[in-house]
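In: test case, fold it:
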Amino acid sequence: MTIQEKMKIEQANIDKIYLYREGGFWKAYERSAYMFYLHIKKYLVQKKYVKSVDSYVVYLGFPDSKVSDLTREYTVTVPDEKQLVVSSGHSVDPSEFDTWKALIEMKHEEPKPSIAKTETGDAEREAIHRIRNFMLESANPIECLIFVKELKHLLTNGPV
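Out: The predicted model follows:
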């Protein structure tokens with residue numbers, strides 16, 4: 001299943017935790033990660049920009065050996081060998097999820113030397129362009145926070 005398909009599922013998700021097997025780990029994305037973190041276990045949540053979905057994505061993961069803990073305590077369905085669906089008994093408040101996601105720190109990645117040397121001007125021009133076009137008067141505080149974090153990422157890592 002592609003990341004685009006997973007994100008489409010997550011956008012419609014209101015009350016399930018979708019887990020995907022990736023190698024020896026199970027991963028939960030976006031709203032599923034949020035519900036897992038709040039109601040099951042506070043594993044490390046990471047955030048990174050995913051070019052194929054043109055968005056920041058939050059996720060958490062845990063080893064295959066921990067799945068048995070879930071099946072003992074929650075209702076779990078198995079659509080296929082690479083997916084589990086956990087009925088958490090809770091639902092997602094979209095605004096609370098957005099706030100939580102905005103507060104997750106970006107996964108720190110060192111800028112590539114070529115970006116720092118050759119595209120610094122491009123990153124600064126892009127940041128100025130985004131600032132000029134940002135509709136501050138119609139943005140809510142969460143959107144402003146996300147915007148500032150995206151600018152910081154752009155100026156640190158260069159344009160994507």
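
In: longest helix in the protein, by residue count?
Out: Longest helix in the chain, counting residues (DSSP state H): helix 141-157.

In: so what's residue 20 bridging to?
Out: Following DSSP bridges, residue 20 is listed with bridge partners residue 27, residue 83.

In: and the gap between it and residue 150?
Out: 26 Å (Cβ to Cβ, to the nearest Å). For every residue, glycine as well, the C-beta is placed using N, CA and C.

In: ok, the two, which is more surrounded?
Out: Legend: neighbour count by other Cβ atoms under 10 Å for residue 20 and residue 150, higher for residue 20 (20 against 16).

In: can you give me the helices in this structure?
Out: Going by DSSP H, the chain shows helices at 3-12, 30-39, 67-73, 94-103, 113-118, 120-133, 141-157.

In: in TSV, list those along with mean pLDDT.
Out: Below are those laid out as TSV (pLDDT from 0 to 100):
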stretch	mean pLDDT
helix 3-12	96
helix 30-39	95
helix 67-73	80
helix 94-103	93
helix 113-118	44
helix 120-133	80
helix 141-157	86
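
In: leaving out sequence neighbours, find the closest residue to the residue nearest in space to the middle of the chain.
Out: In the chain, the centroid-proximal residue (Cα atoms, centre = their mean) is residue 58; its distance is 1.7 Å. The shortest distance from residue 58 to any non-neighbouring residue, by Cβ to Cβ, 6 or more residues apart in numbering, is to residue 47 (4.8 Å).

In: thought that neighbour was touching residue 105?
Out: Yes: at 6.8 Å, residue 47 counts as touching residue 105 under the criterion of Cβ atoms under 8 Å.

In: more neighbours, the two?
Out: residue 47 (19 against 9).

In: tell me which residues touch that one, please.
Out: 56, 57, 58, 59, 101, 104, 105, 106, 107 (Cβ atoms under 8 Å, 6 or more residues apart in numbering).

In: ok, the first one touching residue 48?
Out: Think residue 56. Yes: between residue 56 and residue 48 there is a contact under Cβ under 8 Å: 7.0 Å.

In: so between the two, which is more surrounded?
Out: residue 56 (18 against 12).

In: so what's that one up against?
Out: 47, 48, 49, 50, 101, 106, 146, 150.

In: residue 124 now?
Out: residue 155.

In: repeat for residue 82
Out: 1, 20, 21.

In: same check, this time on residue 125
Out: With contacts defined as Cβ under 8 Å, 6+ apart, residue 125 is in contact with no residue.
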